[in-house]
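J.: Just need the structure, nothing else, for what follows:
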Amino acid sequence: MFPVTLDLAGRTVVVVGGGAVGRRKAVAAAAAGARVLVVNPASGPRQRAVPEHLEDAQEQPADAGRSPTIIVEPYRPVHLTGAALVFACATPEVNARVVADCRTRGVWVNSATDPAAGDFTLPAVHAVGRLTLAVATGGASPALARRVRDRLAGQFDAAFAVWVELLNEVRGQVLVTVADPTRRRQLLNDFADWPWLDRVRAEGVAAVREAMLAAVGGG
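T.: Numbering: from 1, shown residues only. As a prediction, this is how the structure comes out:
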């Protein structure tokens, strides 16, 4: 497996299946800025995306972004038109067709019922501001991935989000004002060290920003 983070802003993501798993995928993709199309092959209480023991629960629900477009009709290959990413979250039979159609189109697809048949799986995720923790087991144990994620999540509080945002802000200042590449690297490495997080917690973001910018100016 090759771990990546994808920029889905403005891209089309298709979710086939309107059950619990499909809804989670749709919400997460929409929160990432994607244009989401949900193809729901069935409606009403008869809908069941996948058997409970196969549900991919590695993904932590995200805050809703733009609303997905939902169409209730049987899946057809034309639904994949323009898709950058596809989630097959319907029945095993439908998902197999979705995977096959994506392969012929060169579109990356995730299958909820047969992860090995798809092109990617999703890690267990915890996000704090710009900081994202992702834990994967290569499909061996989604439950373990969730537990590792939850244990790590307790170590990253709101101060972490503030620190990361401040690092992003100061990094821009360093790149603009510090000409020497060695000095730039030293500053950025220093600002990303743990004592600065301790200072954010103890002194507040304004004082730490002032201290960082003073260090930049001193360089």
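
J.: Check the offset of whichever helix in the chain runs longest from the chain's centre.
T.: Ranked by residue count under DSSP state H, the longest helix found in the chain is helix 158-177. Relative to the chain's own centre, helix 158-177 is displaced by 21 Å; criterion: Cα atoms, centre = their mean, to the nearest Å.

J.: same deal with stretch 174-183?
T.: Going by Cα atoms, centre = their mean, where stretch 174-183 is centred and where its chain is centred differ by 31 Å.

J.: how about that stretch as CSV, C-alpha atoms only?
T.: In CSV, the C-alpha atoms belonging to stretch 174-183 read as follows (Å, rounded to 0.1, in the frame of the first residue of the first chain):
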residue,chain,number,x,y,z
VAL,A,174,9.9,32.2,6.6
LEU,A,175,9.7,31.4,2.9
VAL,A,176,9.3,35.0,2.0
THR,A,177,11.8,36.7,4.2
VAL,A,178,14.6,34.2,4.8
ALA,A,179,16.8,33.8,1.7
ASP,A,180,19.3,31.2,3.0
PRO,A,181,17.9,27.7,2.5
THR,A,182,19.8,26.2,5.4
ARG,A,183,18.5,28.9,7.8
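
J.: quick one: buried residues of that stretch?
T.: Neighbour-count burial for stretch 174-183 flags 174, 178 (criterion: 16 or more other Cβ atoms under 10 Å). (Glycine included, C-beta is placed from N, CA and C.)

J.: quick one: buried residues of stretch 129-136?
T.: 133-136.

J.: Please narrow the residues you listed to those residing in strands.
T.: In strands, judged by DSSP state E, the following of the buried residues of stretch 129-136 are found: 133-135.

J.: got the residue ranges for the strands in this structure?
T.: 12-16, 35-40, 69-72, 83-88, 108-111, 124-128, 131-135.

J.: With mean pLDDT and distance to R184 added, can I get those in JSON lines?
T.: Below are the strands of the chain laid out as JSON lines (pLDDT from 0 to 100; distance: least, Cβ to Cβ, whole Å):
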{"stretch": "strand 12-16", "mean pLDDT": "98", "distance to R184": "37"}
{"stretch": "strand 35-40", "mean pLDDT": "96", "distance to R184": "37"}
{"stretch": "strand 69-72", "mean pLDDT": "94", "distance to R184": "44"}
{"stretch": "strand 83-88", "mean pLDDT": "98", "distance to R184": "34"}
{"stretch": "strand 108-111", "mean pLDDT": "97", "distance to R184": "35"}
{"stretch": "strand 124-128", "mean pLDDT": "90", "distance to R184": "26"}
{"stretch": "strand 131-135", "mean pLDDT": "91", "distance to R184": "22"}
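
J.: Comparing those strands, which stretch has the densest surroundings?
T.: strand 12-16 (a mean of 27; mean count of other Cβ atoms under 10 Å).
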